[in-house]
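Visitor: Kindly generate the corresponding structure for this input.
(one chain, ligands or ions: 1)
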Amino acid sequence: MRSKKDDRKKTTGKRLWVYIGKSKKLLLTAFLFSVIGNTMGVFTPLLMGKAIDKIAGAGKVDFPALRTLLLLMLLLYLVSSLFQWFMSVLSNKASNNTVRELRGDAFCKLNKLPVSYFDRHPHGDIISRLTNDIDSISDGIFQGITQIMSSVVIITGSFVFMMIISPLITLGVILVTPLCFFLASFIAKHSRRMFRMQSSLTGELNGYAEEIIENQKLVMAFGYEEKVAAHFKEQNEKLYRAGQKAQWYSSLTNPTTRLVNNIAYVLVTVAGGILSLAGRLSVGNIASFLTYSNQFAKPINEITAVASQIQAAFASAERVFALLDEEEELDRAEPFEELAECQGNVEFCNVYFSYKKELPLIENFNLKVKKGSTIAIVGPTGSGKTTLVNLLMRFYELDGGHILIDDKDILHVRKDELRKSIGMVLQESWLISGTVAENIAYGRKEVSREEIVNAAKAVKAHGFIMRLRDGYDTIIEEDGRNLSQGQKQLLTIARVLIMDPPMLILDEATSSIDTRTEIKIQEAFLKMMKGRTSFVIAHRLSTIKEADTILVLKNGNIVEQGDHKELLRKKGFYYTLYHSQFSS
Ligand SMILES: Nc1ncnc2c1ncn2[C@@H]1O[C@H](COP(=O)(O)OP(=O)(O)OP(=O)(O)O)[C@@H](O)[C@H]1O
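Guide: Residues are numbered from 1 along each chain as shown. Have a look, this model is predicted:
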């Protein structure tokens with residue numbers, strides 16, 4: 001009965017082969033070079049035997065024949081090395097092509113995965129699949145391909161010549177070979193499990209390291225350095241042990257097969273000696289045969305040596321294919337709807353949603369928003385404010401109900417069209433490494449410098465940009481480290497302004513921004529909100545007071561809805577919230 005593991009191994013191999021097969025021409029040429037190069041190499045022991053036989057004894061040396069044979073051998077060695085080098089270059093190229101394709105597909109896949117995938121997997125682990133695992137596949141493929149190509153020719157050639165010299169001793173050599181294969185595959189089976197564990201632990205460790213590097217200030221502020229170091233040490237230790245075990249198993253392969261082969265080598269020598277005494281083999285024949293039997297065993301030994309690398313490559317390929325097999329985010333369902341000329345009327349109808357099935361969050365949520373109006377969303381922490389905007393952006397799929405924009409269910413609208421219609425400014429500003437101008441222009445394809453400057457002026461960011469070292473061409477360091485929180489937010493507002501979307505999602509900053517910048521941001525928000533349907537996760541009284549509707553959320557449900565005055569008059573949950581959070 002075939003086990004699931006066997007199936008998985010087979011499919012991984014087949015799938016890897018689909019990628020390798022894309023460099024078919026390169027591989028065929030490499031194989032041809034390997035055949036030529038190694039065939040030449042295979043002839044040399046025969047010539048060597050003949051050369052030895054030309055030295056029959058003291059004073060009985062056929063010098064002219066010896067010289068010709070030696071020159072021929074030299075030529076064969078030279079040409080053979082040249083072809084083998086070509087083969088190595090070509091198979092290296094094929095291996096690089098393969099991993100380039102695989103890495104490209106894996107990276108494209110990331111853009112198609114739902115946000116929930118990134119919630120479930122540590123980012124370091126995802127990066128590890130794209131880097132460490134792909135490198136391991138590359139090493140395994142290169143070693144595997146070059147080894148297999150040479151081995152096929154060397155094994156076949158040596159076998160033919162051994163048969164020509166002595167079929168009887170050849171039979172003995174052949175009988176020992178399956179023993180080597182058996183030993184090698186037995187060990188490989190064990191090491192593969194260990195390599196799989198090693199890859200997965202590397203991913204975990206990367207995830208942890210990334211988390212700590214991202215939150216280094218937090219670690220320092222809370223004096224967590226020792227705990228962090230201890231946890232890392234523990235994880236690192238686990239990885240070390242897995243690596244050691246994998247290497248221990250795989251390191252057994254080569255010496256074990258070598259031992260078997262050496263025994264065979266000794267037996268060949270003894271058998272050759274006996275046949276020579278019986279006058280059935282010359283000394284030259286024995287020398288040639290010994291070289292052939294060594295050549296015959298060598299690739300088998302080497303294959304078993306690269307077997308561990310191939311095992312590691314398979315274990316890594318499984319992880320990369322697991323990423324490629326992840327279910328993609330659904331783009332849109334039939335019938336398709338266009339969202340051109342979007343007005344910005346939004347409706348939530350009987351919406352149900354939870355991040356985890358066992359923890360219901362939003363249940364039977366209903367809301368109707370007229371185009372151009374401002375909705376302030378307030379509520380205690382964890383009440384579902386961000387979740388609502390996540391659903392509107394379709395970062396997560398609903399468990400039930402519908403969200404309509406201009407009476408069109410967003411499930412039937414192309415996601416890029418939907419997301420382009422909604423400008424988003426969040427507290428944690430999304431900046432890319434690039435220039436200030438590139439960051440402002442990020443949401444649209446062709447934007448002139450004039451438009452960029454106008455947008456920056458409109459949100460009052462122009463002044464501080466001009467004070468930066470290279471103005472609009474200043475490079476923003478990773479995550480905008482060289483900018484203040486307020487400056488980053490002004491840039492993201494300018495970016496949304498350039499996109500000119502009919503709807504907005506704004507998350508007002510709670511972190512302390514100096515009063516002048518805060519006023520600037522507030523003005524920029526107000527300017528942008530004019531005429532656009534806006535959902536504001538509101539933390540400021542001024543926004544809340546001016547909103548057309550305030551949504552008061554609690555545990556994923558609207559508990560109150562109305563404008564500021566109405567809600568205060570009710571003296572309900574908003575009233576309490578207002579007095580605890582907003583009124584001074
Ligand atoms: N990616 C996620 N996976 C699982 N649970 C989540 C996820 N994001 C949020 N939650 C949970 O959903 C609930 C609502 O979270 P949400 O972020 O919408 O609240 P919020 O009102 O925006 O809070 P805050 O004001 O603190 O930002 C919380 O209980 C939170 O723990």
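
Visitor: And the residue of the stretch 151-300 of the chain that's closest to the ligand?
Guide: Glu211 (15.5 Å; C-beta to the nearest ligand atom). For every residue, glycine as well, the C-beta is placed using N, CA and C.

Visitor: Next to the ligand, which bits of the chain? Give me the list.
Guide: Residues of the chain lying near the ligand by C-beta under 6 Å from any ligand atom: 119, 355, 361, 379, 381-387.

Visitor: Please indicate which of those residues are buried?
Guide: 361, 379, 383-387 (16 or more other C-beta atoms under 10 Å).

Visitor: Determine the longest helix present in the chain.
Guide: helix 225-277 (DSSP state H).

Visitor: Can you report how many residues lie near Ala297?
Guide: 23 (other C-beta atoms under 10 Å).

Visitor: Reformat the buried ones among the residues of the chain next to the ligand as JSON lines; add distance to Arg103 and secondary structure.
Guide: Supplementary listing: those in JSON lines, determined by distance: C-beta to C-beta, whole Å; DSSP: H, G, I helix; E, B strand; the rest coil:
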{"residue": "Leu361", "distance to Arg103": "37", "secondary structure": "coil"}
{"residue": "Gly379", "distance to Arg103": "43", "secondary structure": "coil"}
{"residue": "Ser383", "distance to Arg103": "41", "secondary structure": "coil"}
{"residue": "Gly384", "distance to Arg103": "38", "secondary structure": "coil"}
{"residue": "Lys385", "distance to Arg103": "38", "secondary structure": "helix"}
{"residue": "Thr386", "distance to Arg103": "33", "secondary structure": "helix"}
{"residue": "Thr387", "distance to Arg103": "34", "secondary structure": "helix"}
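
Visitor: coming back round to it: so where does the residue of the stretch 151-300 of the chain closest to the ligand fall, helix or strand?
Guide: helix 167-214 (DSSP states H and E).

Visitor: Just the residues contacting the following helix or strand past that helix, thanks.
Guide: The helix or strand immediately downstream of helix 167-214 is helix 216-221, counting by DSSP H and E. With contact meaning C-beta atoms under 8 Å, 6 or more residues apart in numbering, helix 216-221 is reached by 212, 224-225, 228.

Visitor: Geometric centre of this structure: which residue is closest?
Guide: Leu130 (2.4 Å; C-alpha atoms, centre = their mean).

Visitor: which residues touch the nearest residue to that one once chain neighbours are set aside?
Guide: Nearest residue to Leu130, sequence neighbours excluded (C-beta to C-beta, 6 or more residues apart in numbering): Ala106, at 5.5 Å. Shown in contact with Ala106 (C-beta under 8 Å, 6+ apart): 129-130, 134, 320, 323-324.

Visitor: All the helices of the stretch 351-500 of the chain, residue numbers only.
Guide: Using DSSP state H, counting those that start in this stretch, the helices of the stretch 351-500 of the chain run over residues 385-392, 415-420, 436-440, 449-458, 462-467, 485-499.

Visitor: rewinding a little: could you check how far the helix or strand hosting the residue nearest to Leu130 is from the centre of its chain?
Guide: Using DSSP H and E, Ala106 falls within helix 63-112. The chain centroid and the centroid of helix 63-112 are separated by 28 Å under C-alpha atoms, centre = their mean, to the nearest Å.

Visitor: what about Ile300, how many neighbours?
Guide: 21.

Visitor: OK, contacts around it?
Guide: So Ile300 contacts 151, 155, 177, 180-181, 184, 257, 261 (C-beta under 8 Å, 6+ apart).

Visitor: So which of these wins on neighbours?
Guide: Thr257 (27 neighbours).

Visitor: My read is that that one contacts Phe186, right?
Guide: No - applying C-beta atoms under 8 Å as the test, Thr257 and Phe186 come out as separate, 11.1 Å apart.

Visitor: Can you tell me, leaving aside adjacent residues, what's nearest to Tyr578?
Guide: Leu568 is the one closest to Tyr578 (C-beta to C-beta, 6+ apart), at 6.7 Å.

Visitor: residues in contact with Leu426?
Guide: So Leu426 contacts 492, 505, 507 (C-beta under 8 Å, 6+ apart).

Visitor: Now with 10 Å, please.
Guide: Each residue near Leu426 by C-beta atoms under 10 Å, 6 or more residues apart in numbering is listed here: 386, 389, 489, 492, 505-509, 537.

Visitor: Now render the residues you listed as a markdown table, adding pLDDT and distance to Ser293.
Guide: Listed next are the contacts of Leu426 as a markdown table, based on pLDDT from 0 to 100; distance: C-beta to C-beta, whole Å:
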| residue | pLDDT | distance to Ser293 |
| --- | --- | --- |
| Thr386 | 89 | 71 |
| Val389 | 89 | 73 |
| Gln489 | 84 | 75 |
| Thr492 | 87 | 72 |
| Ile505 | 91 | 75 |
| Leu506 | 87 | 78 |
| Asp507 | 83 | 75 |
| Glu508 | 75 | 80 |
| Ala509 | 64 | 77 |
| Ile537 | 90 | 77 |
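
Visitor: So which of these wins on neighbours?
Guide: That'd be Gln489 among the contacts of Leu426, by other C-beta under 10 Å, with 31 neighbours.

Visitor: From the structure, what's the count of residues near the residue nearest to that one when sequence neighbours are not counted?
Guide: Ranked by C-beta to C-beta, 6+ apart and with sequence neighbours excluded, the top spatial neighbour of Gln489 is Ser429, at 5.3 Å. Counted with other C-beta under 10 Å, residues neighbouring Ser429 total 21.

Visitor: Enumerate every residue touching Ser429.
Guide: Ser429 makes contact with 439, 479-480, 483, 485-493, 495, 509 under the criterion C-beta under 10 Å, 6+ apart.

Visitor: I'd say Thr39 and Phe83 touch.
Guide: Yes - contact between Thr39 and Phe83 holds when scored by C-beta atoms under 10 Å: they sit 9.1 Å apart.

Visitor: picking that back up, which among the contacts of helix 216-221 gets closest to Asn294?
Guide: Ile212 (52.3 Å; C-beta to C-beta).

Visitor: Show me which pair in the residues of the chain next to the ligand is furthest apart.
Guide: Asp119 and Gly379, at 21.5 Å, using C-beta to C-beta across those.

Visitor: How much space separates Leu431 from the ligand?
Guide: Separation of Leu431 from the ligand (C-beta to the nearest ligand atom, to the nearest Å): 20 Å.

Visitor: Just the element for the residue in the stretch 51-200 of the chain positioned nearest to the ligand, please.
Guide: Closest to the ligand within the stretch 51-200 of the chain is Asp119: 4.2 Å, counting by C-beta to the nearest ligand atom. Under the criterion of DSSP H and E, Asp119 resides in helix 115-120.
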